[in-house]
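Engineer: below: sequence and its predicted model.
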Amino acid sequence: MPELPEVETVSKDLSEHLIGETISDIGIIDARNLRGISPANFVQQIRGTKISNIYRKGKTIIWNLTNNLSIIIHLRMTGKFILTNNNAELTKHDMIVFKTKKWDITFNDVRKFATINLTSTNAIEDLNYFKNIGIDPTKSEFTFDNFKYMLKKGAKKSLKAFLLEQDKIVGIGNIYASEILFDSKINPERLGYSLSKNEEIELFSSIKKIILQAIMMRGTTFSDYRDGFNKKGEFQNQLKVYNKLNENCIICKDTINKIKQNGRSTYYCQTCQK
C-alpha cells in the first residue's frame, strides 16, 4: 500500500506538471472508484475547470479546482496516476482518464479499492478522514513535544504498533516502521513507556530521517507502486532490515530476524536493537 513517501512523490509529480492546466475532458472507463457521485455528475462538475493546486494531506492527494471544488484521492492498495502525452492507449485496469491540453492523466487501479471524492474546497477539513489523522512527520507540526504527547497516548503498546497508528503519526507503513526502529536501535516489541529520554530523541529523529530519505528516493516499490510517470521508486535498494530475513545485519553481522506483530511482519536485528 502506498504510504506517505509514495503519495508525496505522486503528488509532487502531478503538481509540477498540472497546476494551471484546464481539465478539458474526463473519460470514465470504470466508475468503481467514485464515491458519493454519479459518473455523469462528476464529469459535469469538473469539465472545463482549471487545476489551481495539487498537494498531499495525510495519505490523500487533493486537487483544488478553480470552481471551489476539490478532488480527493486515496490510492489505497494499488491506485496510481500515470502522466502521458495526449491520446495514450488504454491499458488493463485503467479507470479514469483526465485530459488537459498537454496531458492525459490516467488513474489505474488493479484492486479497485482506491477512492475518488468530489467535495467543496471549503469543506475539506470537515471530512472524517482529516479529522482523525495524526501529525505529519514532514511538517513543522512534528515537533519533539508533539511526538512525546503522541507517544504517551500509545505508552502501553509496542513501538511497532504505535508507529502504524495513523491517528498518532500519519503515513508510516510496515516497511518504514521496521526501518525506523532499526535506525533508532530500538527493539520493536518494547512498549512506549519504556523509552529513555535519549531513546525518545533517537526515535523522533529516525522517523524524520527515514521518511525524508524515502521521499528523496521517490518511494519504495516491491510490487504495484509507481510514480507519476509509471516508474519504480528506489528506496527498496536502501532497506537495511525489511525483507532481509536471515541476511547479515550491516552493522553487527548477526542474522536479521522476523516476527509477527498484529498480523504484520516485523524485521529487526536482536543484537543492535535493544
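Structural biologist: Done, it's in.

Engineer: next, count neighbours for Pro188.
Structural biologist: 23 (other CB atoms under 10 Å). Quick note: C-beta positions are derived from backbone N, CA and C, even for glycine.

Engineer: begin at 894 from now on, thanks
Structural biologist: Understood, numbering begins at 894; the last thing we discussed is Pro1081.

Engineer: run through the strands of the stretch 944-1093 of the chain in chain order.
Structural biologist: Here the stretch 944-1093 of the chain has its strands, by DSSP state E, counting those that start in this stretch, at 944-950, 953-958, 962-967, 972-978, 987-992, 996-1002, 1008-1013.

Engineer: the fifth one: partners in the sheet, and parallel or antiparallel?
Structural biologist: Here the strand partners of strand 987-992, with direction, are listed using DSSP bridges: strand 918-921 (antiparallel), strand 996-1002 (antiparallel).

Engineer: what average pLDDT does the last one get?
Structural biologist: In this case it means strand 996-1002. Confidence for strand 996-1002, expressed as mean pLDDT, is 97.

Engineer: what residues are up against Lys1046?
Structural biologist: Contacts for Lys1046 (CB atoms under 8 Å, 6 or more residues apart in numbering) come out as Lys1061.

Engineer: can you tell me how far it sits from Leu1074?
Structural biologist: 19 Å (CB to CB, to the nearest Å).

Engineer: what does Val1003 give?
Structural biologist: Distance of Val1003 to Leu1074, computed by CB to CB: 30 Å.

Engineer: what do you get for Arg940?
Structural biologist: Taking CB to CB, one finds Arg940 at 47 Å from Leu1074.

Engineer: more neighbours, these two?
Structural biologist: Between Arg940 and Leu1074, Leu1074 has the larger neighbour count (other CB under 10 Å), namely 28 against 14.

Engineer: before we move on, back to that, would you turn the strands of the stretch 944-1093 of the chain into TSV with mean neighbour count and distance to Asn1080?
Structural biologist: Listed next are the strands of the stretch 944-1093 of the chain as TSV, based on neighbours: other CB atoms under 10 Å; distance: least, CB to CB, whole Å:
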stretch	mean neighbour count	distance to Asn1080
strand 944-950	18	31
strand 953-958	22	33
strand 962-967	20	32
strand 972-978	19	34
strand 987-992	20	42
strand 996-1002	21	37
strand 1008-1013	18	36
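
Engineer: CSV for these, including distance to Ala1070?
Structural biologist: Shown next, in CSV, are the strands of the stretch 944-1093 of the chain (distance: least, CB to CB, whole Å):
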stretch, distance to Ala1070
strand 944-950, 19
strand 953-958, 20
strand 962-967, 20
strand 972-978, 22
strand 987-992, 30
strand 996-1002, 25
strand 1008-1013, 24
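
Engineer: nearest to Glu1034, out of those?
Structural biologist: strand 944-950 (12.4 Å; CB to CB).
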